[in-house]
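Colleague: would you be able to build a 3D model of this:
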Amino acid sequence: MIKKRDYFLIISILSLILFIILTYSINSIKIDSFDIIVNKEISTFRFSLLNEAMLQISDLISPIALLVFLITLWILLSYKKRIKDFLMIVSGIVLGSILNFLIKDIIERPRPENYIKYFSDYSYPSAHSQMAMIFFFLLAYTFSKKLNKKLKKIFISLNIFIILLVGFSRIYLGAHWPTDVLGGYLVGLFLANLLIYLSTLIKHE
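Modeller: Residues are numbered from 1 along each chain as shown. Coordinates of the predicted model:
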C-alpha cells in the first residue's frame, strides 16, 4: 500500500523525468516556434502601468524579498517550535539556487531579445519561476496543515496563484521563454516534493 508521503516522492520523480524530456527538446523546431509565438503574442499586451505591475510581481522572488520572507518565517516558526519546517524551506531556497545556476551554465540558452528589463545570465530554466514554486509550494505545505478545510483551500489556491503569476510575469517582461518557466516549475516541483518526502522520513524515524 502506498503511504501518503510516497506520493511526494512519485511527484518528485515524475517532475524530474518531465524536466529531462523538456530539456532534451528545448532546441527543437517545435519548441522554438511555440516559444516565439507565445512571446510575441504576450508582448502585444504591454503598456506602462502593466509593465510596472509585472516588475513588482517579479520582484516577489528577488533575493531581498526572499530574505525578508525567510526572516519572517524564522520568527513565526521559531515561536511555534517548528525549526525543522524552516530548515526545509531554507534548504529548498539554497539547493534550488545552486541547481539553477548549474543547469543554466550547462544549457546556455539565450534570453528573448524583446525584454523590458535586461538580464545578463542564461535563460533556462527560469530561476524566478523555480524559486516561486519551491518557496510557495513549501509554504503552502508547511502552514496548510494547521488550517481548517475552507482556509486550507483558500491558502493553497493563493499560493498557486502567486506561483503562476510570477511565471507569467517573467514571460511578459521578456525575461524568459515560456518553456523556461515550465522548466523552472518542474525543477521546483522536483526539489520541493523531494524535500517534503525526506522531511517526513526524518519525522517518522
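Colleague: only C-alpha atoms from now on, for both contacts and neighbour counts.
Modeller: Fine.
Colleague: and the worst-scoring helix or strand of the chain on mean pLDDT, what does it pack onto?
Modeller: Lowest by mean pLDDT, DSSP states H and E among the helices and strands of the chain is helix 63-79, with a mean of 88. Counting by 3 or more C-alpha pairs under 8 Å, 6 or more residues apart in numbering; DSSP states H and E, the packing neighbours recorded for helix 63-79 are helix 83-107.
Colleague: show me what the helix it packs on is packed against.
Modeller: In terms of contacts (3+ C-alpha pairs under 8 Å, 6+ apart), helix 83-107 is packed against helix 63-79, helix 127-144, helix 178-203.
Colleague: buried residues, that helix. List them.
Modeller: Buried positions in helix 83-107, judged by neighbour count with 16 or more other C-alpha atoms under 10 Å: 83, 85-86, 88-93, 96, 99-101, 104.
Colleague: any chance of those in JSON lines with pLDDT and distance to residue 49 as columns?
Modeller: Compiled in JSON lines, those are given as follows (pLDDT from 0 to 100; distance: C-alpha to C-alpha, whole Å):
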{"residue": "83", "pLDDT": "85", "distance to residue 49": "40"}
{"residue": "85", "pLDDT": "85", "distance to residue 49": "38"}
{"residue": "86", "pLDDT": "88", "distance to residue 49": "36"}
{"residue": "88", "pLDDT": "92", "distance to residue 49": "37"}
{"residue": "89", "pLDDT": "92", "distance to residue 49": "33"}
{"residue": "90", "pLDDT": "93", "distance to residue 49": "34"}
{"residue": "91", "pLDDT": "94", "distance to residue 49": "36"}
{"residue": "92", "pLDDT": "95", "distance to residue 49": "33"}
{"residue": "93", "pLDDT": "94", "distance to residue 49": "31"}
{"residue": "96", "pLDDT": "95", "distance to residue 49": "32"}
{"residue": "99", "pLDDT": "95", "distance to residue 49": "34"}
{"residue": "100", "pLDDT": "95", "distance to residue 49": "31"}
{"residue": "101", "pLDDT": "94", "distance to residue 49": "32"}
{"residue": "104", "pLDDT": "95", "distance to residue 49": "31"}
